[in-house]
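Sequence first, then the predicted structure, then my questions.
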Number of protein chains: 2
Amino acid sequence: MNKYSKQTRFLIAVDCIILGFDGAELKILLIKRGLEPEQGKWSLMGGFVQPNEGLDEAANRVLLQLTGLDKVYMEQLHSFGEPGRDPIERTISVAYFTLLDLTKYKTQLSQEFEAEWFLLKKHPKLIFDHEQMVQLAKSKLRYKASLHPILFELLADKFTLPQLQSLFEEVYETAFDKRNFSRKIMSTGLLLKLNEKEKESSKKGAYYYKLDKKHYKANFHNILRFIPNPNELL
Amino acid sequence: MNKYSKQTRFLIAVDCIILGFDGAELKILLIKRGLEPEQGKWSLMGGFVQPNEGLDEAANRVLLQLTGLDKVYMEQLHSFGEPGRDPIERTISVAYFTLLDLTKYKTQLSQEFEAEWFLLKKHPKLIFDHEQMVQLAKSKLRYKASLHPILFELLADKFTLPQLQSLFEEVYETAFDKRNFSRKIMSTGLLLKLNEKEKESSKKGAYYYKLDKKHYKANFHNILRFIPNPNELL
DNA sequence: TAAATTAAATGTCAGTTTTACATTTATTAT
DNA sequence: ATAATAAATGTAAAACTGACATTTAATTTA
């Protein structure tokens, strides 16, 4: 069959907003850009989509290249295509975001890229429209986490309630009452208490919990209404 | 500066999921595809992104071409890029969705395209992955409408509570108790009662309301929790 | 012009959820 | 044994939700 011969073709990139939680703070993985323009400036990890490679596939490849990690939580965020966004040549970029548990993966980052974890709240200026992508990722994370249990992707398989609460507090940049937090989170039926305590951070120790996979789906919607006013926080 | 010379370039399209409400039913605007492959089959309205044209801009152009309408509610939905999705040549498509008030715009559809409004619930089979796009648009509409007052984009400037309720019922494919519906919707503070009635559809007549622009922003979050269990419905 | 008809508007009560707030408990260190 | 630390837990008032039936405004018909 004939091609759509009269149309212009464009470069397509994927850019990954890689977020991680180390038990205390939300972090973002950035790389020092290796090519001009803006060489040496900080940037999201990205790459061009290859022939015969889907978008999700490209994003996963890029993430694997940088972190060595496969099968982590990743979802498409938004596509950015303003004509001037990359000064070299017009490129449409599909942004993805990824959630990682930083305590588990003491990931040895690829040396090929100069990558570094930064506090999400206080990261260096980014090239092109990457800052916009990060802001959108933050919004979407809050938005989605108010309705779905995605924040568990940022935690180890077992975690304590204080850890979970810290994570929520980091994401929403606010503080919750721990009595109410615990009651609400337990009322979702998503968590299973383990007979084991985490004793590093306190004398008494806090019980570990894990996601109850059996109830995971049935109670998925229960996390709804978790955050009192998600939109006030955006 | 040099181009990223070794990379492959791709066609980029936008496809629009155009939804409208006529006061009773949710509809979708489809066109009969004019070129091979799949000529004569039903399809979303789309078009290729042009040089020096942003993605949003392209989507607006495509909508304007088909409907003559400008400045309507439109938001980017998702990008689709599976290698085989268009059999002629690999094309990445950025899907957008649009909400229209069909009572206001007795839009004269462009004759250049054979376009027709179908019931969203019962539309013909679509080409390529367009069905997937429509399904995603339906999900997102429900999802978003449970948190944000976007459904007003589907109504005229003034509307009655029964009309508003019908719209919600169409979108969520469910029935609401009108006493509770009215109480909840009024509690958002978003609506302003007008001193005027709609008398077509009943003897008593129903008061018109409009969005209270002053309170629109302040009470934006109040619509939150509007739909009891948005996720059960997805 | 009174009565019937139609759909809109409105109220209540019980059950549940939310919020605000302080004490007790388990463990380790002194 | 006592002190120190952070985890775990309870309660009561207020707000919200869900289920449910009656009243009201206007038109049509007898």
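Sure thing, it's come through. Numbers count the residues shown, from 1 in each chain, chains lettered A, B, ... in the order given.

tell me the domain ranges of chain A?
Split into domains by automatic domain parsing, chain A comes to A:11-145, A:150-233.

DNA strand C contacts on chain A?
Residues of chain A lying close to DNA strand C by Cβ under 7 Å from any atom of the strand are A:177-180, A:183-184, A:187, A:197, A:199, A:203-205, A:225, A:228. Bear in mind the C-beta positions are built from the backbone N, C-alpha and C, glycine included.

Mean pLDDT lowest where, among the domains of chain A?
Mean pLDDT is lowest for domain A:150-233 among the domains of chain A, at a mean of 81.

what's the offset of that domain from the middle of its chain?
Distance of domain A:150-233 from the chain centroid (Cα atoms, centre = their mean, to the nearest Å) equals 17 Å.

same question, stretch A:77-85
Here stretch A:77-85 is found 20 Å from its chain centre; the criterion is Cα atoms, centre = their mean.

how far is whichever helix in chain A runs longest from where the chain is centred?
For chain A, the helix with the greatest residue count under DSSP state H is helix A:130-145. How far helix A:130-145 lies from its chain's middle: 9 Å, per Cα atoms, centre = their mean.

Could I get the buried residue list for it?
Under the neighbour-count criterion of 16 or more other Cβ atoms under 10 Å in any protein chain shown, helix A:130-145 has A:130, A:133-134, A:136-138, A:140-145 buried.

In which helix or strand does residue A:40 reside?
Counting by DSSP states H and E, no helix or strand carries residue A:40.

For it, give me its contacts.
For residue A:40, the contact set (Cβ atoms under 8 Å, 6 or more residues apart in numbering or on different chains) comprises A:32-33.

what do you get for residue A:199?
By Cβ under 8 Å, 6+ apart, the residues touching residue A:199 are residue A:205.

on that earlier part again, now do the longest helix of chain A against helix B:130-145, angle only.
70 degrees (axes from the mean of the first three to the mean of the last three Cα atoms, to 10 degrees).

Please save the CA atoms from helix A:130-145 in PDB.
Presented in PDB, the C-alpha positions along helix A:130-145 are these (Å, rounded to 0.1, in the frame of the first residue of the first chain):
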ATOM      1  CA  HIS A 130      11.300  19.000  31.500                       C
ATOM      2  CA  GLU A 131      10.400  21.100  34.500                       C
ATOM      3  CA  GLN A 132       6.800  21.300  33.200                       C
ATOM      4  CA  MET A 133       6.900  17.500  32.900                       C
ATOM      5  CA  VAL A 134       8.000  17.100  36.500                       C
ATOM      6  CA  GLN A 135       5.300  19.500  37.700                       C
ATOM      7  CA  LEU A 136       2.700  17.500  35.800                       C
ATOM      8  CA  ALA A 137       4.000  14.300  37.200                       C
ATOM      9  CA  LYS A 138       3.700  15.700  40.800                       C
ATOM     10  CA  SER A 139       0.100  16.700  40.200                       C
ATOM     11  CA  LYS A 140      -0.800  13.400  38.700                       C
ATOM     12  CA  LEU A 141       0.800  11.500  41.500                       C
ATOM     13  CA  ARG A 142      -1.300  13.300  44.000                       C
ATOM     14  CA  TYR A 143      -4.400  13.100  42.000                       C
ATOM     15  CA  LYS A 144      -4.000   9.400  41.400                       C
ATOM     16  CA  ALA A 145      -2.800   8.500  44.800                       C
END
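
which residues are contacting that helix?
Residues outside helix A:130-145 that contact it (Cβ under 8 Å, 6+ apart): A:15, A:17, A:19, A:28, A:43-44, A:77-78, A:80, A:93, A:95, A:97, A:99, A:120, A:123, A:125-126, A:150-151, A:168, A:171-172, A:227, A:230, A:233-234, B:147.

Can you name the element that comes right after it?
Later in the chain than helix A:130-145, the nearest helix or strand by DSSP H and E is strand A:158-160.

Pretty sure residue A:181 sits in a strand.
No - secondary structure of residue A:181 (DSSP: H, G, I helix; E, B strand; the rest coil): helix, not part of a strand.

what's near enough to touch the nearest residue to residue A:55 once chain neighbours are set aside?
Leaving aside its sequence neighbours, residue A:55 sits nearest to residue B:81 (Cβ to Cβ, 6 or more residues apart in numbering or on different chains; 3.9 Å). Contacts for residue B:81 (Cβ under 8 Å, 6+ apart) come out as A:12, A:49, A:54-55, A:94, B:92-93.

quick one: which of these is nearest DNA strand D?
Each of those was scored against DNA strand D by Cβ to the nearest atom of the strand, and residue A:94 proved nearest at 36.6 Å.

Verify the stated contact: the closest one with residue A:17.
No - Residue A:94 is beyond contact range of residue A:17, at 11.6 Å (criterion: Cβ atoms under 8 Å).

circling back: ok, of the contacts of helix A:130-145, which come out buried?
In the contacts of helix A:130-145, the ones that pass as buried (16+ other Cβ under 10 Å) are A:15, A:17, A:19, A:28, A:43-44, A:77-78, A:80, A:93, A:95, A:97, A:99, A:120, A:123, A:126, A:150-151, A:168, A:171-172, A:227, A:230, A:233, B:147.

Do a quick rundown of the strands in chain A.
In chain A, the strands defined using DSSP state E lie at A:11-21, A:26-32, A:42-43, A:45-48, A:73-80, A:91-101, A:114-119, A:158-160, A:191-198, A:206-211.

Nearest to residue A:61, out of those?
The closest of the strands of chain A to residue A:61 is strand A:45-48. By Cβ to Cβ, the value is 7.1 Å.

wait, what's in contact with the closest residue to residue A:3 other than its chain neighbours?
Spatial nearest neighbour of residue A:3, chain neighbours left out: residue B:89 (4.7 Å); criterion: Cβ to Cβ, 6+ apart. Contact analysis of residue B:89 by Cβ under 8 Å, 6+ apart lists A:3-4, B:11.

any idea which of these is the one closest to residue A:36?
With Cβ to Cβ as the yardstick, the closest approach to residue A:36 among the contacts of residue B:89 comes from residue B:11, at 27.4 Å.

I figured the closest one hits residue A:4, correct?
Yes - at 6.1 Å, residue B:11 counts as touching residue A:4 under the criterion of Cβ under 8 Å.

Turn the strands of chain A into a markdown table, including distance to residue B:64.
Output for those, formatted as a markdown table (distance: least, Cβ to Cβ, whole Å):
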| stretch | distance to residue B:64 |
| --- | --- |
| strand A:11-21 | 25 |
| strand A:26-32 | 38 |
| strand A:42-43 | 35 |
| strand A:45-48 | 31 |
| strand A:73-80 | 20 |
| strand A:91-101 | 21 |
| strand A:114-119 | 42 |
| strand A:158-160 | 51 |
| strand A:191-198 | 51 |
| strand A:206-211 | 48 |
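
quick one: which of these is nearest residue B:163?
Nearest to residue B:163, of all the strands of chain A, is strand A:73-80, at 32.6 Å by Cβ to Cβ.

Surely residue A:22 touches residue A:100?
No - when contacts are counted by Cβ under 8 Å, residue A:22 is not listed as touching residue A:100 (9.8 Å).

Between those two, point out the one with more neighbours.
residue A:100 (24 against 14; other Cβ atoms under 10 Å in any protein chain shown).
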